[in-house]
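[1] just the structure for this:
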Amino acid sequence: MQDTSLSPDAVSALFTRTDGQFLFARWGRPIVPVIFGVTEETIPVLKGAIEAVVALADHKMAETDPELGANLMVFFVRDWSELTETPNLDRMIPDLGPLVDRLQTVGANQYRIFRFDEDGGIKACFVFLRMDAQLASLDAETLALTQMVQSVLLWSDAAFTEQSALAKTPGGRVVLRPEIGALIRAAYDPVLPPASEDASHALRLFARMAAAQ
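    Below is the predicted model:
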């Protein structure tokens, strides 16, 4: 059987940003999702992926966040300019105009913004997806699972650029790579802090993964 486990260095790399900073964070409160810009029949697929990843992490969802109402907001657009036309979004994202300009300039098709509690845990995540040909070529389940995996932890900005968090089974079904699933479970171990800037945290994650095998 192929060994799909991650080494301590591989775990560390998934949370080490391109500027060399190690930065880890998980959600510190129940996740309350809201999705904009998709058809009614697509929403259950997206929420199903969210529920699956939250269950994998042994985390919680809720009907409402007492401070924010919804704290995981997913926006689907055809053009980045649509964001500046979304009512009140500029109040939640103060630098929305310059951000939209930057996304248009680099031709990005996705972007995530995280907000954090005082202890460093994630308290909100805004996911912006521009449905270009690349994203439109993905089926709804694959797109939803990919986005939720990337929103459930504060990964490195370089994580998954060389290898996707997902894999295909022999039958052609798209699933989460087992080692990434194991890492997400370890990251939500209540013994561990919700956030860390210390690279030794990767060793603690690795130890939790090894103990669970």
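[2] tell me, how many residues neighbour residue 204?
    For residue 204, the neighbour count with other CB atoms under 10 Å is 20. Where C-beta positions appear, they are placed from N, C-alpha and C, glycine not excepted.
[3] part of a strand, is it?
    No: looking at residue 204 with DSSP: H, G, I helix; E, B strand; the rest coil, it is helix, so not inside a strand.
[4] who's in contact with it?
    The neighbours of residue 204, taking CB atoms under 8 Å, 6 or more residues apart in numbering as the test, are residue 192.
[5] could you do residue 176 as well?
    Here residue 176 is in contact with 53, 56, 145, 149, 165, 166, 167 (CB under 8 Å, 6+ apart).
[6] restricted to buried residues, select those in ChimeraX.
    Buried residues within these, by 16 or more other CB atoms under 10 Å, are selected in ChimeraX with:
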select :53,56,145,149,165,166
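[7] keep only those of the contacts of residue 176 that are in strands.
    Judged by DSSP state E, strands contain the following of the contacts of residue 176: 166, 167.
[8] output the contacts of residue 176 in CSV; the columns should cover pLDDT and distance to residue 211.
    Shown next, in CSV, are the contacts of residue 176 (pLDDT from 0 to 100; distance: CB to CB, whole Å):
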residue, pLDDT, distance to residue 211
53, 95, 21
56, 95, 17
145, 94, 26
149, 96, 22
165, 94, 22
166, 94, 25
167, 90, 24
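[9] list just the nearest of the contacts of residue 176 to residue 112.
    residue 149 (11.5 Å; CB to CB).
[10] contacting residues for the closest one?
    By CB under 8 Å, 6+ apart, the neighbours of residue 149 are 53, 165, 166, 176, 180, 184.
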